[in-house]
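J.: Here's my sequence, what's the structure:
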Amino acid sequence: MPHNFIPRKHGARRQISPSKSLHVSKKDVQSRYMTEQAEELAGSLKQVVALTAEAAPDRKMEFKLSGDARPKLSHPKNGWKECHWEEAAWRHRVHFKGPGLAWQEVISFQEMLRGTNKDTGWGEVDLLARSHHDLPVVIEVKSERTELLLAAVMQAAAYGIALRKTWEPVLKKQWQRFWKSSAGDSEWWPVVVAAPMDYWRICIGKKGKRTRCKAPESFWPALSSLVAGFREAGLVLSFAAIIHDGKDANGLPNITGVRNVNIFQPFDGNSWLWPADNSETQ
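T.: Predicted structure coming up:
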């Protein structure tokens, strides 16, 4: 061991570096410091978004734009993992929508972003959907309550940036052909973090009460500011709660609907989940 080696203190706050792309720095997110880390990211967001676009795969091949449910994921024995929720969303895509959401339908799941195996650190878009303006929507699915919301936001944004990078060279013509539409360029790209209801109940928690895996209450204003910053960069972030009713015939979550999650007033009664009824929202 070098004589000048200084061990890092246990639990010391890690920096969200302005010299790292989002898909790398998301690994540095810590529950205890999410507020400070969100503020830190917001302060260098323009630079980080540019770095993420530069690091994103230069994909040349077309996407599959379809999904085939894989029987091997039927009847999971050790509980539902993220992959089970993704497949359930695809199997129950007729229900995986709702009023006021950023998308009108899910078109595929587990879309690979990598162009080659050299694109390390880049994986699959959990769900790829079509917006009300016929543009792609990235939906990042989370299911484990230990998965930190800030890290999920950073990953969703990174994948939205990566998909936007493929639009002109690859995806645009394929998308227009697939939908028989003339969808063009857009200033805004929708990106969504979706998770089961229980995830949001634990993550938001009750005001003034400390519970395991609950986000710090100071985090929500910081997250709101970060969402505003992403919007300035062309990424429109939203959040959604997946509703399910037991298991389906394959043992996967029986998804019955999706609702928006309002992060701007997380502690105002039940207003974090909206709309409260089935009425349409603008």
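
J.: can you point me to the longest helix in this structure?
T.: Scanning the chain for the helix with the most residues, using DSSP state H, yields helix 149-166.

J.: Just the C-alphas of that one, formatted as CSV.
T.: The C-alpha trace of helix 149-166 is given here as CSV (Å, rounded to 0.1, in the frame of the first residue of the first chain):
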residue,chain,number,x,y,z
LEU,A,149,-34.9,7.7,-7.7
LEU,A,150,-32.1,10.1,-8.6
ALA,A,151,-30.2,7.3,-10.2
ALA,A,152,-33.3,6.2,-12.1
VAL,A,153,-33.8,9.7,-13.4
MET,A,154,-30.2,9.9,-14.5
GLN,A,155,-30.4,6.5,-16.3
ALA,A,156,-33.7,7.5,-18.0
ALA,A,157,-32.3,10.8,-19.1
ALA,A,158,-29.1,9.1,-20.4
TYR,A,159,-31.1,6.6,-22.5
GLY,A,160,-33.4,9.4,-23.8
ILE,A,161,-30.3,11.3,-24.9
ALA,A,162,-28.9,8.2,-26.5
LEU,A,163,-32.1,7.5,-28.4
ARG,A,164,-32.3,11.1,-29.5
LYS,A,165,-28.8,10.7,-30.9
THR,A,166,-30.0,7.8,-33.1
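
J.: following that helix, which helix or strand shows up next?
T.: helix 172-179 (DSSP states H and E).

J.: Now do the buried residues in that next one.
T.: Under the neighbour-count criterion of 16 or more other C-beta atoms under 10 Å, helix 172-179 has Lys172, Trp175, Phe178 buried. The way it works is simple: take the backbone N, C-alpha and C, and place the C-beta from them, glycine included.

J.: next one: stretch 182-200
T.: Ala183, Ser186, Trp189, Pro190, Val191, Val192, Val193, Ala194, Ala195, Pro196, Tyr199, Trp200.

J.: thought the second one was touching His133?
T.: Just to be clear, that refers to Ser186. Yes - applying C-beta atoms under 8 Å, one finds Ser186 in contact with His133, separated by 6.9 Å.

J.: What is the burial count for Lys247?
T.: Burial of Lys247 is recorded as 14 neighbouring residues (other C-beta atoms under 10 Å).

J.: can you pull the contacts of it?
T.: By C-beta atoms under 8 Å, 6 or more residues apart in numbering, the contact list for Lys247 reads Pro253, Asn254.

J.: Pairing-wise in the sheet, spell out the partners of it.
T.: Lys247 has these beta-bridge partners by DSSP bridges: Pro253.

J.: if I look at it, how far off is Arg201?
T.: 20 Å (C-beta to C-beta, to the nearest Å).

J.: Please name the residues that touch Ile16.
T.: Ser25, Asp28, Val29, Gln37, Glu40, Leu41, Ser44.

J.: Give me the subset of the residues you listed lying in helices.
T.: Ser25, Gln37, Glu40, Leu41.

J.: So which residues of the stretch 51-200 of the chain form strands?
T.: For the stretch 51-200 of the chain, strands defined by DSSP state E, counting those that start in this stretch occupy the ranges 105-112, 124-130, 136-141, 189-196.

J.: so the last one versus helix 149-166, what angle?
T.: Here strand 189-196 points in a direction 140 degrees away from that of helix 149-166 (axes from the mean of the first three to the mean of the last three C-alpha atoms, to 10 degrees).

J.: Distance from the chain centre to strand 189-196, please.
T.: 4 Å (C-alpha atoms, centre = their mean, to the nearest Å).

J.: Repeat that for the shortest one.
T.: The chain centre lies 6 Å from the centre of strand 136-141; the measure is C-alpha atoms, centre = their mean.

J.: again with the first one
T.: In terms of C-alpha atoms, centre = their mean, the centre of strand 105-112 is found 13 Å from the chain centre.

J.: rewinding a little: just the buried residues of helix 172-179 now: which is nearest Thr146?
T.: Nearest to Thr146 among the buried residues of helix 172-179 is Trp175, at 35.3 Å by C-beta to C-beta.

J.: what sits against the closest one?
T.: Leu65, Asp134, Pro136, Ser181, Ala183.

J.: and if you look at Gly229?
T.: With C-beta under 8 Å, 6+ apart, Gly229 has these contacts: Ala42, Leu45.

J.: State whether it is indeed within a helix.
T.: Yes - counting by DSSP: H, G, I helix; E, B strand; the rest coil, Gly229 falls inside a helix.

J.: that older thread, over the longest helix of the chain, what's the mean pLDDT, rounded is fine.
T.: Average pLDDT, helix 149-166: 96.
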